[in-house]
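> How does the following fold in three dimensions:
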Amino acid sequence: MSDRHPDHAHSLADDLKVMETLMARRRALKWFAGAGTAALVAGCGGSDAVLGSVAVVSGSTATPTPTPSATATPTPTTSGKSTACIADPAETAGPYPGDGTNTASGGTSNILTVSGVVRSDIRPSFLSTATVATGVLLKITLTLVDVNATCAPLAGYAVYLWHCDRQGLYSLYTTPAESYLRGVQVTDANGQVSFTTIFPGCYDGRWPHMHFEVFSSLSNALGGRYAVLTSQLAMPSAACSAVYADATTYPSSAAKFARISLSSDGIFGDNSAAQVAQQTPVFSGNVTAGYDATALIGIAR
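The predicted model follows:
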């Protein structure tokens, strides 16, 4: 006996049910066709697309990945932009800036006006002697962003970086004829500058740190004026402990570091947790091979 029912056996109600089923199938086929087209576009474009909560990667579906939550410390991206940023607090240039704002005991009080200051490797002196500062190698990259323009990178800005040597001494001042550990670089299209230097030593009364000034152009920097920001970077505690364990290279830093904390430091102590986090570079590497560090510098233009 046949499973098929003769047409005249169907009522109007039955016909309506069949029509509704066909329409539902057509809608489903139309939806899948649209989804397939979106997947094809994603595959041709070489980028990820999202349909609802499913990621489509190169034309295939993948398991949805939860969106990462925002972190307290802003993270620079390869394009120089960051996911979040705040303005770095203004700090004192200190007693040893060498930028013309005070008198140095050496041959110049404004190293910014001296030929040779624009350089990425700031370990050698470039004045009368050829001394090279020694210590644990540190390569640091700073990314300048505009906090009032969705953290957009600031290209063409000049950064003057300086800090003490492994014994806590500053060139131009405690070593008058020297100009080591001072230099200027100009930010690239990603708002970045990089310096090759050494890990600074620790001296009494201060958390280990670096100084920097930001200028809106190289000409302003070399004129030693119109800095848009003067601030400091705090070295990470773990890196300080690791570096200062070598008492031969850093003879007095360990004992001095044990007597100071971020909260008791006269510069960083009154900053918010978010400010200190941004002022503390992110380190990778080790004492033997040297360190790479990155820091975000937020400028409120």
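> Can you give me the neighbour number for the nearest residue to Leu262 once chain neighbours are set aside?
The shortest distance from Leu262 to any non-neighbouring residue, by C-beta to C-beta, 6 or more residues apart in numbering, is to Phe268 (5.2 Å). Heads up, the C-betas are built off the backbone N, CA and C, glycines and all. Phe268 has 22 neighbouring residues, counting by other C-beta atoms under 10 Å.
> Phe268 touches Gln279, doesn't it?
Yes. Taking contacts as C-beta atoms under 8 Å, Phe268 lies within contact range of Gln279: 6.8 Å.
> Identify the contacts common to those two.
232, 234 (C-beta atoms under 8 Å, 6 or more residues apart in numbering).
> Next up, the contacts around Asn220.
158, 226-227 are the contacts of Asn220 under C-beta under 8 Å, 6+ apart.
> any weak-confidence spans in this protein?
The chain contains residues with pLDDT under 70 at 1-83, 106.
> Per the annotation, how does it divide into domains?
10-62, 111-299 (automatic domain parsing).
> In a markdown table, list those along with distance to Thr103.
What follows is the domains of the chain, written out as a markdown table (distance: least, C-beta to C-beta, whole Å):
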| stretch | distance to Thr103 |
| --- | --- |
| domain 10-62 | 58 |
| domain 111-299 | 10 |
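> Which of those domains has the highest mean neighbour count?
domain 111-299 (a mean of 19; mean count of other C-beta atoms under 10 Å).
> What distance separates the opening and closing residues of that one?
24 Å (C-alpha to C-alpha, to the nearest Å).
> residues touching the residue lying closest to Val276 once chain neighbours are set aside, list them.
Leaving out its chain neighbours, the residue that sits closest to Val276 by C-beta to C-beta, 6+ apart is Phe268, at 5.7 Å. Taking C-beta under 8 Å, 6+ apart, we find Phe268 in contact with 207, 209, 232, 234, 262, 276, 279.
> Report the secondary structure state of Phe268.
coil (DSSP: H, G, I helix; E, B strand; the rest coil).
> What backbone torsions are found at it?
When read as degrees, to the nearest 10, the backbone of Phe268 gives phi -80, psi -20.
> quick one: it from Thr230, how far?
Separation of Phe268 from Thr230 (C-beta to C-beta, to the nearest Å) stands at 15 Å.
> before we move on, could you check phi and psi at Thr197?
Dihedral angles (degrees, to the nearest 10) for Thr197: phi -150, psi -160.
> Now for it: which residues touch it?
Thr197 neighbours (C-beta under 8 Å, 6+ apart): 121-123, 133, 138-140, 161, 163, 181.
> Can you give me the distance of it to Gly156?
Thr197 is 23 Å from Gly156, by C-beta to C-beta.
> try Asp292
In terms of C-beta to C-beta, Asp292 sits 24 Å off from Gly156.
> Next: Gly298.
Relative to Gly156, Gly298 is positioned 17 Å away (C-beta to C-beta).
> Repeat that for Val132.
For Val132 relative to Gly156 (C-beta to C-beta), the value is 30 Å.
> Without its sequence neighbours, what residue ends up closest to Ala227?
Leaving aside its sequence neighbours, Ala227 sits nearest to Glu213 (C-beta to C-beta, 6+ apart; 4.4 Å).
> strands paired with whichever helix or strand the one you found is part of, and their directions?
Assessed by DSSP states H and E, Glu213 sits inside strand 209-215. Neighbouring strands of strand 209-215 in its sheet, by DSSP bridges, are strand 158-162 (antiparallel), strand 227-234 (antiparallel).
> Dump those strands into JSON lines; add distance to Leu169 as well.
Below are these laid out as JSON lines (distance: least, C-beta to C-beta, whole Å):
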{"stretch": "strand 158-162", "distance to Leu169": "12"}
{"stretch": "strand 227-234", "distance to Leu169": "17"}
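> Which one of those strands lies nearest to Asn110?
For these, proximity to Asn110 was assessed by C-beta to C-beta; strand 158-162 is nearest, at 10.9 Å.
> In the protein, what residue spans correspond to strands?
Secondary structure of the chain, counting by DSSP state E: strands at 48-51, 54-57, 60-62, 137-146, 152-153, 158-162, 182-186, 192-198, 209-215, 227-234, 282-286, 290-299.
> and the ones you listed as a markdown table, adding distance to Asp246?
What follows is the strands of the chain, written out as a markdown table (distance: least, C-beta to C-beta, whole Å):
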| stretch | distance to Asp246 |
| --- | --- |
| strand 48-51 | 46 |
| strand 54-57 | 47 |
| strand 60-62 | 47 |
| strand 137-146 | 13 |
| strand 152-153 | 36 |
| strand 158-162 | 23 |
| strand 182-186 | 24 |
| strand 192-198 | 12 |
| strand 209-215 | 19 |
| strand 227-234 | 21 |
| strand 282-286 | 12 |
| strand 290-299 | 13 |
